[in-house]
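Asks: the following comprises the amino acid sequence and a computationally predicted model.
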Amino acid sequence: MVSARVRYWILIAIVGISGFSQGMLLPLIAIILEQAGVSSSVNGLHAIALYIGILIASPFMEKPMQKLGFKPIILIGGLLVFISLTLFPLWKALWFWFILRMMVGIGDQMIHFGTQTWITTTVSAEVRGRRIAFYGISFALGFSIGPLMTRLLAINEALPFLLSAFFSFLVWALMFFVKNEWPDQKGATIQSVSSLGRFVKTLKISWAAMLTGFGYGFLESTLNGVFPIYGLRIGHDVDMLSLIIPCFAFGSIILQFPLGALSDRFGRRNVLLFSILIGALSILGAALLEDSVLSLFIFFTLSGMFVGSLYSLGMSYMTDLLPISLLPAGNIMFGICFSIGSISGPFLGGIFVQLFPNVSFFYLILSVLVGVFGVVYLKKDVALQEG
């Protein structure tokens, strides 16, 4: 079996391929449905299936992990994603694809909960920002490459799904070289997540960090699930959109590690506030200059450089706020908040595009970022909690 260091990088690789499949599915299916004449509201509603899967799976993760360990949870999640991706080309029906997207969401949640908890419970506070930054970089890299698969639609509609399934299987197989571990082996006192008190306590301590998860979920799913529809309607072609969309994730790769390192030095809250502010200004720029392809490339990249790290910075912030015994419950709630944001994003974005065709949908994203900024600003800073 591999060492703890190699295990960490295998977990990071698995997160990357999970980001790849998510980054591919959102714009790929949005474009397929838009070209098939499906309305933007139905298209946006369909996009939430993946996040409904995440939301459904979230409350049931901790007990199986206590019993089975980290490795089986990640393996089962990866298998669900692989099988679902291979089934997409078999039958092109809205309800069938909705179910498959839910299954991908359940699998992805198992992967993320397993990897997040394994990583956050085994790193010290001094390097937490940097270690979780690599988690974010890997997901962002996969997420940025995923939309490029839409270009393969010109060859064959099934090709993107099958290639993604193949890559997922290759990385998933690496987990067989990792030794299984259990959460309680790391000294955490983990209790049942069925206790409402645990969730209330977790939320009371880290509510501001949880809302960063919501904000990132809303931002990510809206840009990837609704912008392709909106972009087509304001005159941009599919090939150009497939290049613009990954700029957000590529931008997040550029500053993910530096922002993580800065948060270790200057505090998570301070770096979060700075990042959200610059990201919001970038989204405002995109709203004002959305007809220019060059401007969209620039502002997608700039917004990605700053708010593209919202997930990893928010997760680090949550880990700082919570005692180690509440980290599994915290990861579950962070995933739930991310899912709620991801579900509401495409749905509200689709309705917004349909009801306000002459108003830039970027203003919807901007309003959410302003709200998250206000919440984090009002939350008093805390010293890093050890352990």
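Replies: Okay, I see it. Numbering: from 1, shown residues only.

Asks: so what's residue 20 up against?
Replies: For residue 20, the contact set (C-beta atoms under 8 Å, 6 or more residues apart in numbering) comprises 142-143, 145-146, 164, 167-168. Yep, even glycine has a C-beta here, placed from its N, CA and C like the rest.

Asks: switch to 6 Å and redo it
Replies: By C-beta atoms under 6 Å, 6 or more residues apart in numbering, the contact set of residue 20 is 142, 145-146.

Asks: so where is the stretch 101-250 of the chain shaky, pLDDT-wise?
Replies: Counting by pLDDT under 70, the stretch 101-250 of the chain shows low-confidence ranges at 184-195.

Asks: and which of the contacts of residue 20 is nearest to residue 22?
Replies: residue 146 (6.7 Å; C-beta to C-beta).

Asks: could you look up the SS state of the closest one?
Replies: Of the three states, residue 146 takes helix under DSSP: H, G, I helix; E, B strand; the rest coil.

Asks: that one: neighbour count?
Replies: 26 (other C-beta atoms under 10 Å).

Asks: hmm, it is touching residue 23, no?
Replies: Yes. Using C-beta atoms under 6 Å as the test, residue 146 is close enough to residue 23 to be in contact (2.6 Å).

Asks: distance from the chain centre to stretch 370-380, please.
Replies: Distance of stretch 370-380 from its chain centroid, counting by C-alpha atoms, centre = their mean, to the nearest Å, is 21 Å.

Asks: buried ones in that stretch?
Replies: Across stretch 370-380, burial judged by 16 or more other C-beta atoms under 10 Å covers 372-373, 375-376, 379.

Asks: follow-up on the earlier one: turn the contacts of residue 20 into TSV, columns for distance to residue 295.
Replies: TSV is the format used below for the contacts of residue 20 (distance: C-beta to C-beta, whole Å):
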residue	distance to residue 295
142	26
145	23
146	23
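
Asks: tell me the one of these nearest residue 269?
Replies: So of these, ranked by how close each gets to residue 269 (C-beta to C-beta), first place is residue 142, at 28.0 Å.

Asks: secondary structure element for the closest one?
Replies: Element membership of residue 142, judged by DSSP states H and E, is helix 128-145.

Asks: wait, what's in contact with residue 53?
Replies: By C-beta under 6 Å, 6+ apart, the contact set of residue 53 is 102, 105-106.

Asks: distance check, the residue nearest in space to the middle of the chain against residue 9.
Replies: Residue closest to the mean C-alpha point of the chain, counted by C-alpha atoms, centre = their mean, is residue 217 at 6.1 Å. As defined by C-beta to C-beta, to the nearest Å, residue 217 lies at a distance of 26 Å from residue 9.

Asks: test my guess that residue 33 contacts residue 43.
Replies: Yes. Residue 33 is within contact range of residue 43, at 4.8 Å (criterion: C-beta under 6 Å).

Asks: so for those two, which residue has more residues nearby?
Replies: In terms of neighbours (other C-beta under 10 Å), residue 43 is the more surrounded of residue 33 and residue 43; the figures are 26 against 22.
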